[in-house]
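Chemist: Need a 3D model of the following:
(chains A and B)
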Number of protein chains: 2
Amino acid sequence: MSAVSVVSPAELIHTMGARARAAGYRMARLSTAVKVGALHAMADAIEGAAEYLETENAKDLAGASALTKAAQDRLRLTPKVIASMVKAVREIAALPDPIGALEDVRVRPNGLRIGHMRSPLGVIGIIYESRPNVTADAGALCLMSGNAVILRGGSEAFHSNTALAKLMNDAGAKAGLPPDAIQLVPTTDREAVGAMLKARQFIDVIIPRGGKSLVERVSRESEIPVIKHLDGNCTVYVDEGADLAAAISIVVNSKASRPSACNSAETLLIHRSEADAFLPKVARALLSAGVELRACEASRAIVPAMKPATEEDWYAEYLELILAVKIVDSFEDAVTFINKYGSHHTEAILTRDHARAMEFLGAVDSACVHINASTRFSDGGEYGLGAEIGISTDKLHARGPMGLRELTNAKWVVFGNGQIRE
Amino acid sequence: MSAVSVVSPAELIHTMGARARAAGYRMARLSTAVKVGALHAMADAIEGAAEYLETENAKDLAGASALTKAAQDRLRLTPKVIASMVKAVREIAALPDPIGALEDVRVRPNGLRIGHMRSPLGVIGIIYESRPNVTADAGALCLMSGNAVILRGGSEAFHSNTALAKLMNDAGAKAGLPPDAIQLVPTTDREAVGAMLKARQFIDVIIPRGGKSLVERVSRESEIPVIKHLDGNCTVYVDEGADLAAAISIVVNSKASRPSACNSAETLLIHRSEADAFLPKVARALLSAGVELRACEASRAIVPAMKPATEEDWYAEYLELILAVKIVDSFEDAVTFINKYGSHHTEAILTRDHARAMEFLGAVDSACVHINASTRFSDGGEYGLGAEIGISTDKLHARGPMGLRELTNAKWVVFGNGQIRE
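Modeler: Model (predicted):
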């Protein structure tokens, strides 16, 4: 890529975009065997180059002293991280190829057979922070779904990403991939991100992977459709007549099993009729799991050890061991509360009542709606997608965890034998 | 709506948006019976108020002398147009309700049943030109798919649209709909369109229905996802060994049966091996159907009566009786040509070769790909959707003709019995 290093970011992205578009047309037609072979070749290459990757990664770490400890951890390529990247690529290679699948092909009265065929989106732009594993993971998912990809990783991971992309491309080219199947933006110039977000003729969708500020910047600036993952302010609602023993276990699991995850619960709603029996027990379990509780006045009248909640608490995505607690008067109040204060990510109802369980599914405007199960299951792996390119909090194209299928669209296909329209 | 007439367009849209959001939550939970009942009540109301509609329409026509004759025709509500609106609403009422359908629900090893449930998008904004029938049609489609809708019609149709919206709302309210299910922007102020395109918290998707300049303006300005219908530069490719008699009939039908339609062919590609036999015959048929032919030099060497084509002709969406004609050396050249010059709307291959027919489906990056059938079938009605909210030339969410299903998304639903995540 040295020939492009003297051009402007806009020219660079233009060149890369044109190459990606051409590569995308070839990718759309690759056989499953070629894609699977390329993925295993990439996994082998990464596996065989652990030392090289660690050397390049050390250069990044040397320049990353300003990062938080947690960010440095995410940047670091240990043998264990490398092994897990290799495993992820092989797992993606084992998934069913979504491309070319025919769906809902029906016969029309004039004899035409008309239906859908799964096709790649085309060219995907991925913008992410300094986590080199995303390079391997996103590259592999885009490849398996027949898409060309332009990767723009965080500048602190530049050497690691460059090394990974080189390993994957060299292995891919030998296995029959177009040379521009997986391109990494070869500069840390931030203007290159802006140029990507304007390259409408070359990039079909932008997927930002990272924290809220990255996602918000990308959505605001992009002229290309963005699939974004914003807040996870998830709620568990304990309905009248719920199984309270099961409810305690689900509430504690939803909140405390991994509080930094977007699918962790941030709010607990309790039907008034269960509050006296349930609140003292669940509060004891949560407090002993280290959870700070911020509650409405009615709740505090039952368990005074809880702190008072403010209006902001109902909107908050804490991502730590804090839970907002509120008593509601009815199922309808719970639904209204969730649709008003929630972030439309994942909600759970704990109930024994069949009618209310089923009503909850349609009444709550969220990407993922759980009946009698922890919010923490809201995840591509747990849902059985095998691998996840991200989680969508949008309402178009895909909601919730996105796997290979969500990197495709459905084109219409028509099988005729000479039909003309009257 | 007189109370809102003194506020700014932004305040007006804010008020309407908040009402639409609340209505949307109720719409999502309506039974099919209520929706169907409301649609028939609306159809009855329109049918019973033909005189009132014609009176209001006459006010619009009186102020529309600056419009072209064709635009005045589209604006005019004749008894025939009113009858066809009524019929369209009843046909939408007869379609299967997409909301609540469960899809692909599978059992996970931990006993969770996980799958998709079809849900409304929420609030849809429709921006259209002066065709009052869109008011009835789009309103009915959004209602049947459980969405609230904010309609903004062309200012020349303001009286007609206001009358139609009033009839539909009054009938809908009596039949159990939320009062703000179908809202028409009650002003012709153009700033209201700008305000709609910014109302991200209230509107989930914008669908522009109209000419290219409207669609382009809306896409450029919108901060909300837009599903847009741009050019239809459709191509018919006559492959080596095609049935030439069938090909003549399909080419003439694709071009000449309704040249103003976006699914009409604008380019004809002919495999070199068929050119000598096919070109004179198809040219004769097209010329006698009144089609002007603009051809490559190789084609003109066979049929000198054709005009020379320029580079621009390969990109052109004529929407009239003109066809660009080119000889290609191979299937691959045809594919490359289509992906470069086409608008990714609808393409047809005419072939007897099974392998090339199947390869064409994946190789051509278009919303609709036809084998041995006229491009003119690319249409919601012909595809069996029953009714069409528009045609998408985008690659996300929906491609090609969009029916009720394309006004929904798939939320994840999880049926558990107490599961927690390890």
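
Chemist: The stretch 51-200 of chain A: helices as residue ranges?
Modeler: A:69-75, A:79-93, A:132-144, A:158-174, A:191-198 (DSSP state H, counting those that start in this stretch).

Chemist: Among those helices, show me which one is buried the most.
Modeler: Ranked by mean neighbour count, those are led by helix A:132-144 with a mean of 26 (mean count of other Cβ atoms under 10 Å in any protein chain shown). To be clear about C-beta, it is placed using only N, CA and C from the backbone, and glycine gets the same treatment.

Chemist: what does the stretch 201-350 of chain A have sitting close to chain B?
Modeler: With Cβ under 8 Å from any Cβ of the partner chain as the criterion, the stretch 201-350 of chain A comes near chain B at residues A:Asp204, A:Val205, A:Pro225, A:Ile227, A:Asp243, A:Ala246, A:Ser249, A:Ile250, A:Asn253, A:Ser254, A:Ser257, A:Asn339.

Chemist: Name the residues of the strand or helix carrying the last one that come out as buried.
Modeler: Meaning A:Asn339. Element membership of A:Asn339 [criterion: DSSP states H and E] is helix A:331-341. By neighbour count on 16 or more other Cβ atoms under 10 Å in any protein chain shown, the buried set for helix A:331-341 is A:Phe331, A:Asp333, A:Ala334, A:Val335, A:Phe337, A:Ile338, A:Asn339, A:Tyr341.

Chemist: So which of those residues is the closest to chain B?
Modeler: In terms of Cβ to the nearest Cβ, no member of these lies closer to chain B than A:Asn339, at 5.7 Å.

Chemist: pLDDT at that closest one, what is it?
Modeler: pLDDT for A:Asn339: 97.

Chemist: What strand or helix carries the nearest residue to it once chain neighbours are set aside?
Modeler: In space, and not counting its chain neighbours, A:Asn339 is closest to A:Asp365: 5.3 Å by Cβ to Cβ, 6 or more residues apart in numbering or on different chains. For A:Asp365, there is no helix or strand it lies in under DSSP H and E.

Chemist: just to revisit the earlier point, go through the residues of the stretch 201-350 of chain A next to chain B and say which is closest to A:Gly154.
Modeler: A:Ile227 (19.2 Å; Cβ to Cβ).

Chemist: Whichever residue of the stretch 201-350 of chain A sits closest to chain B: what's its closest spatial neighbour, skipping adjacent residues?
Modeler: Nearest residue of the stretch 201-350 of chain A to chain B (Cβ to the nearest Cβ) works out as A:Asn253 at 3.7 Å. Spatial nearest neighbour of A:Asn253, excluding adjacent residues (Cβ to Cβ, 6+ apart): B:Ile420 at 3.7 Å.

Chemist: hang on, that neighbour packs against A:Ser249?
Modeler: Yes - the pair B:Ile420 / A:Ser249 is scored as a contact, 5.6 Å apart, by Cβ atoms under 8 Å.

Chemist: shared neighbours of those two, which are they?
Modeler: Taking Cβ atoms under 8 Å, 6 or more residues apart in numbering or on different chains as the contact criterion, B:Ile420 and A:Ser249 have no common neighbours.

Chemist: Show me the shaky parts of the stretch 101-250 of chain A.
Modeler: Within the stretch 101-250 of chain A, no range satisfies pLDDT under 70.

Chemist: Where do the strands of it begin and end?
Modeler: Per DSSP state E, counting those that start in this stretch, the stretch 101-250 of chain A carries strands over the ranges A:102-107, A:113-120, A:123-128, A:148-152, A:182-184, A:205-209, A:234-238.

Chemist: List the contacts of the shortest one.
Modeler: Residues external to strand A:182-184 that are found in contact with it (Cβ under 8 Å, 6+ apart): A:16, A:19-20, A:135, A:139, A:142-143, A:148-153, A:161-162, A:165, A:168-169, A:172.

Chemist: Now list the buried members of the residues of the stretch 201-350 of chain A next to chain B.
Modeler: A:Asp204, A:Val205, A:Pro225, A:Ile227, A:Asp243, A:Ala246, A:Ser249, A:Ile250, A:Asn253, A:Ser254, A:Ser257, A:Asn339.

Chemist: Tell me if I'm right that the third one and A:Ile203 touch.
Modeler: Spelled out, it's A:Pro225. No - counting by Cβ under 8 Å, A:Pro225 sits too far from A:Ile203 to count as a contact (9.4 Å).

Chemist: what's the closest of the helices of the stretch 51-200 of chain A to chain B?
Modeler: Short answer: helix A:191-198, nearest of the helices of the stretch 51-200 of chain A by Cβ to the nearest Cβ, at 12.3 Å.

Chemist: Return the residues in contact with the closest residue to chain B within the stretch 251-400 of chain A.
Modeler: Residue of the stretch 251-400 of chain A nearest chain B, by Cβ to the nearest Cβ: A:Ala373 (2.9 Å). Going by Cβ under 8 Å, 6+ apart, A:Ala373 touches A:Ile250, A:Ala348, B:Leu112, B:Val414, B:Phe415, B:Gly416, B:Asn417, B:Gly418, B:Gln419, B:Ile420.

Chemist: try it again with 6 Å
Modeler: Contact analysis of A:Ala373 by Cβ atoms under 6 Å, 6 or more residues apart in numbering or on different chains lists B:Leu112, B:Val414, B:Gly416, B:Gln419.

Chemist: likewise A:Ser378?
Modeler: Contact analysis of A:Ser378 by Cβ under 6 Å, 6+ apart lists A:Asn263, A:Thr346, A:Cys368.

Chemist: that older thread, so which two of the residues of the stretch 201-350 of chain A next to chain B are the farthest from each other?
Modeler: A:Asp204 and A:Asp243 (46.5 Å).

Chemist: Using CSV, lay out the strands of the stretch 101-250 of chain A together with distance to A:Ile391.
Modeler: Output for these, formatted as CSV (distance: least, Cβ to Cβ, whole Å):
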stretch, distance to A:Ile391
strand A:102-107, 24
strand A:113-120, 21
strand A:123-128, 14
strand A:148-152, 19
strand A:182-184, 22
strand A:205-209, 10
strand A:234-238, 12
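
Chemist: of those, which approaches B:Lys35 most closely?
Modeler: Closest approach to B:Lys35 among the strands of the stretch 101-250 of chain A is made by strand A:102-107 (23.1 Å; Cβ to Cβ).

Chemist: And for the closest one, what's in contact with it?
Modeler: Under the criterion Cβ under 6 Å, 6+ apart, residues A:Arg113, A:Gly115, A:His116, A:Met117 lie in contact with strand A:102-107.

Chemist: What pairs with that strand, parallel or antiparallel?
Modeler: strand A:113-120 (antiparallel) (DSSP bridges).

Chemist: so the partner strand versus strand A:148-152, what angle?
Modeler: 30 degrees (axes from the mean of the first three to the mean of the last three Cα atoms, to 10 degrees).

Chemist: which other residues reach strand A:113-120?
Modeler: Around strand A:113-120, the neighbours that count as contacts under Cβ under 6 Å, 6+ apart are A:28, A:98-99, A:101-105, A:107-108, A:145-147, A:408-411, A:413-415, B:361, B:383.

Chemist: quick one: average pLDDT of the longest helix belonging to chain A?
Modeler: Secondary structure of chain A read by DSSP state H shows that its longest helix is helix A:9-27. Computed over helix A:9-27, the mean pLDDT rounds to 97.

Chemist: any idea how far the helix or strand hosting A:Glu347 is from the chain center?
Modeler: A:Glu347 is part of strand A:346-350 when elements are defined by DSSP H and E. Chain-centre distance of strand A:346-350: 20 Å, with Cα atoms, centre = their mean, to the nearest Å.

Chemist: what comes up buried for whichever helix or strand comes after that strand?
Modeler: Next in sequence after strand A:346-350, counting helices and strands by DSSP H and E, comes helix A:354-363. Neighbour counts using 16+ other Cβ under 10 Å place A:Arg356, A:Ala357, A:Met358, A:Glu359, A:Phe360, A:Leu361, A:Gly362, A:Ala363 of helix A:354-363 among the buried residues.

Chemist: Same check on stretch A:297-316?
Modeler: A:Ala298, A:Ser299, A:Arg300, A:Ile302, A:Val303, A:Met306, A:Ala309, A:Asp313, A:Trp314, A:Tyr315, A:Ala316.
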